[in-house]
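In: Okay, predicted coordinates and the sequence, questions at the end:
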Amino acid sequence: MLIILSSINSSKNFGRCSIKKTAIPVLDINKYLGLWYEQARDNETPFQKGDCATAVYSEEENKFFVVNSEDRDGERSEVKGTITWPNPPKGSLLVNFGPKFLEKFNVLLGKYDVIDTDY
């Protein structure tokens, strides 16, 4: 299982429970690729209001992508993002959900922290 928290508008508590919000120190990218199901969400995240959220992480020609999807109002919606990993890979990553040309300006970049995995 995977828990991802967006640092955008995150609060000190995750719902009614306090949890650690420190990214894991090492991330094995090959084990991380694939389909993950959301287990919990910060209630303050403004852009995620649907149910049954998933994230599919993939690699194409040494570039990494994520497709986030959720059920909202009876329909499945999704958004594709480009991932920037630190080197060496750690549990903090940056995801751009906007147009490619905005990446160099750090516009629409979201910081995601992987706080735990079971791989």
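Out: All right, it came through fine.
In: need the contact list for T54.
Out: For T54, the contact set (C-beta atoms under 8 Å, 6 or more residues apart in numbering) comprises 35-38, 68-70. Backbone N, C-alpha and C define where each C-beta goes, glycine included.
In: SS state for it?
Out: Under DSSP: H, G, I helix; E, B strand; the rest coil, T54 falls in the strand class.
In: I'd like the distance between it and L93.
Out: T54 sits at a distance of 17 Å from L93 (criterion: C-beta to C-beta, to the nearest Å).
In: Likewise for K31?
Out: 14 Å.
In: How far away from the center of its chain is stretch 102-109?
Out: 16 Å (C-alpha atoms, centre = their mean, to the nearest Å).
In: Check stretch 56-69 too.
Out: 11 Å.
In: which non-adjacent residue is nearest A23?
Out: Closest residue to A23 apart from its sequence neighbours, by C-beta to C-beta, 6 or more residues apart in numbering: G91 at 3.3 Å.
In: do you know how far the one you found is from W85?
Out: 10 Å.
In: and if you look at D113?
Out: 13 Å.
In: more crowded one of these two?
Out: Legend: neighbour count by other C-beta atoms under 10 Å for D113 and W85, higher for D113 (19 against 14).
In: Point out the ones among the contacts of T54 that are inside strands.
Out: 35-37, 68-70 (DSSP state E).
In: would you list every one of the strands in this structure?
Out: Counting by DSSP E, the strands of the chain are 3-6, 34-37, 51-60, 63-72, 75-84, 92-96, 109-116.
In: Just the buried positions in the second one, please.
Out: Within strand 34-37, the residues that qualify as buried are W36, counting by 16 or more other C-beta atoms under 10 Å.
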